[in-house]
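# compute the structure for the input listed below.
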Amino acid sequence: MKRVLLFLLIVLIAIILVVVTVGALVPKQHTSTRAARFHQSPNNVWTAITDFDKFPTWRKEVARVESLPDVNGKPSWREYDRHGSSIPYQVMVMLPPKVLVVRIADLSLPFGGAWTYEISPAPDGTSLLRISEDGEIYNPVFRFVARFILGYSQTQERYLRALGAKFGESVAIEK
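You can find the predicted model right below:
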């Protein structure tokens, strides 16, 4: 029995070492882009993605939003998840109804970066929303998980599907 436990402990330590080592080799910075089309005008899409206080009504991972003081004349807020954790965000660029750039405003987190939302109208009256993430993951274990288990685009895809559901639409995710 002791040999089995010792063997399992050695295997566990080896797995941890591999995860940390491989994670340390994964670059800290990454870029990911996803898009979806909506049967909405650019103004409707813009209103949905910039009405931060209403995020909990259509983004199920957001439990509540707390408005924070504007920074350089642009909105900032804190999103709380269902577990009580929170992340502060700050708008960097706001060009209605075309471009929105939002960054994580807490440098002490194990990750950071910015999302650029670009809304393009189509001749058929639909809108294309493209989200580009320029992210950074500082912790090597988190980098391993993001790169090899979760993927960099999971949050973007969830966001686009939730926005589609808000509009009563099923969306196809585009790269």
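# distance of the nearest residue to A165 once chain neighbours are set aside relative to V102?
Nearest residue to A165, sequence neighbours excluded (CB to CB, 6 or more residues apart in numbering): W58, at 6.7 Å. In short, each C-beta sits where N, CA and C put it, glycine included. From W58 across to V102, the span is 17 Å (CB to CB, to the nearest Å).
# tell me who's in contact with K28.
136-138, 143 (CB atoms under 8 Å, 6 or more residues apart in numbering).
# among the residues you listed, name the ones in helices.
Judged by DSSP state H, the contacts of K28 include R143 as members of helices.
# helix/strand/coil for the spatially most central residue of the chain?
Geometric centre of the chain, nearest residue: T155, 4.3 Å, by CA atoms, centre = their mean. The three-state label given to T155 by DSSP: H, G, I helix; E, B strand; the rest coil is helix.
# now do Y152
On the basis of three-state DSSP, Y152 is classed as coil.
# so it makes contact with G135?
Yes: contact criterion CB atoms under 8 Å: Y152 and G135 qualify, at 6.8 Å.
# any common contacting residues for the two?
Here Y152 and G135 have 30-32 as joint contacts, going by CB under 8 Å, 6+ apart.
# quick one on the thing from earlier: residues contacting the residue nearest to A165?
Shown in contact with W58 (CB under 8 Å, 6+ apart): 48, 162-163, 165-166.
# that older thread, so which of the shared contacts of Y152 and G135 would you say is closest to Y89?
S32 (17.5 Å; CB to CB).
# that closest one and K98, how far apart?
21 Å.
# likewise for Y138?
Shown here: Y138 relative to K98, a distance of 32 Å by CB to CB.
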